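1. Fold the following.
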Amino acid sequence: MTDLVPLDELNAAAPLSRLGGDAMPVGSFYTRSNFEIPSVDEDAWRLTVSGLVGEPMVLSMSELRSFGESTELVTLECAGNGRIYMDPVPDGAPWGMGAVSVAEFTGTPLARVLRAANPSDEAAEFVFTGLDRGRIDPEGEINYAFSLAAEEAASDGPMLVWAMNGEPLTAEHGAPVRLLAPGAYGMASVKWLTSITATAKPFTGHFRQKYRYLGDPIASEGEHVGPIRVRSLIAAPLEAEEVVQNPDVRGVAWSGFGTIEAVAVRIDEGDWVGAQVGVPLGRFAPTPWATSVRLEPGSHTIAARATDSAGNVQPLESIWNANGYANNVVHTVTVRVIG
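-> This next block holds a predicted model:
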């Protein structure tokens, strides 16, 4: 059963009320697809590892799982999350704040497979290609593909995932196997994975070129979209909700640049007051936070702002760029206090 908020035929947003410090139900986890969801026979599925490697491989599911497994609680966020709050709104999927979710993922650490493939010292990137396919002009028919730098791919983080919350991946989340790149925006976590190719030159495929910052004042022009910018979201109360006086306010925060150091909450145009910041349930899990606020009857706006260990702080206004990526503007909700 799903309680997602449909965006279009292929994409749906997670309800913010489901966001907490632990895993969300799979039916509440946001969905994002660029092409039609492929139908894949797990028994016939194979993962090809080739290119600049000393030991090319073609792995079945059982062979992939023989490399061992790991389980991580991970926050996954679409690069377009918050796009509609930019002015003017750039082209692209019209995401509000619901293109983010948290789940427990199980799979083989990517580094183990790459070590077995024995990549050449010349391998600078690994290209990950999915089975989803569609037409992109002027390229024509292409598969979704994205790349990771060799150092990132071989680090202790990326996984070849086959399970989500203890159950096999569902079709919309990339079954039978997807790449998961924690800390990076979701475009790097290629679904319906079919091949990994080691290359000496930077990958110049459509989606690698699409996910760049253009006209963004805090990024170099043309810089690849990469780590998730620091963000906090309010999970309760919700926008337009009627609440009693002095409600509890809670949410989660995360960053691809470091750990969450602080979350501050502001009522209307008042002072920023520190919230109680909890302990994340894993190295890639969100950080829960909570506080109580004093509100008089009437309408009030609650804002939450996070700071990470790298010194990054959420901006008070949207940072615009041409593609509508990484808008980590402070989240606000307006509530009505009754009683």
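2. And the contacts of the helix ranked longest in the chain?
-> For the chain, the longest helix by residue count, based on DSSP state H, is helix 110-117. For helix 110-117, contacts defined as Cβ atoms under 8 Å, 6 or more residues apart in numbering pick out 49, 53-57, 59, 64, 67-68, 126, 153-156, 158-160, 179, 196, 198. Quick note: C-beta positions are derived from backbone N, CA and C, even for glycine.
3. Next: stretch 164-174.
-> By Cβ under 8 Å, 6+ apart, stretch 164-174 touches 23, 25-26, 29, 31, 33, 37, 39-40, 103-106, 130, 161-163, 175-178, 190-193.
4. Just the buried residues out of those, in PyMOL syntax.
-> Selection of the buried residues among the contacts of stretch 164-174 in PyMOL, burial being defined by 16 or more other Cβ atoms under 10 Å:
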select buried, resi 23+26+29+31+33+37+40+103+104+105+106+130+161+162+163+175+176+177+178+190+191+192+193
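5. Among the contacts of stretch 164-174, which are located in strands?
-> 103, 104, 105, 106, 130, 161, 162, 163, 178, 193 (DSSP state E).
6. Can you pick out the most distant pair from these?
-> 104 and 130 (22.0 Å; Cβ to Cβ).
7. now the closest residue to residue 273 other than its chain neighbours: how far from residue 134?
-> Distances taken as Cβ to Cβ, 6 or more residues apart in numbering place residue 265 nearest to residue 273, at 5.7 Å, with adjacent residues excluded. Residue 265 sits 43 Å away from residue 134, going by Cβ to Cβ, to the nearest Å.
8. out of those two, which sits in the busier spot?
-> residue 265 (23 against 13; other Cβ atoms under 10 Å).
9. Mind splitting this protein into its structural domains?
-> Domains of the chain are assigned by automatic domain parsing as 5-210, 231-338.
10. out of these, nearest to residue 224?
-> Here domain 5-210 is closest among the domains of the chain (Cβ to Cβ), at 7.3 Å.
11. Next, the distance between the ends of that closest one.
-> This stretch, domain 5-210, spans 26 Å end to end (Cα to Cα, to the nearest Å).
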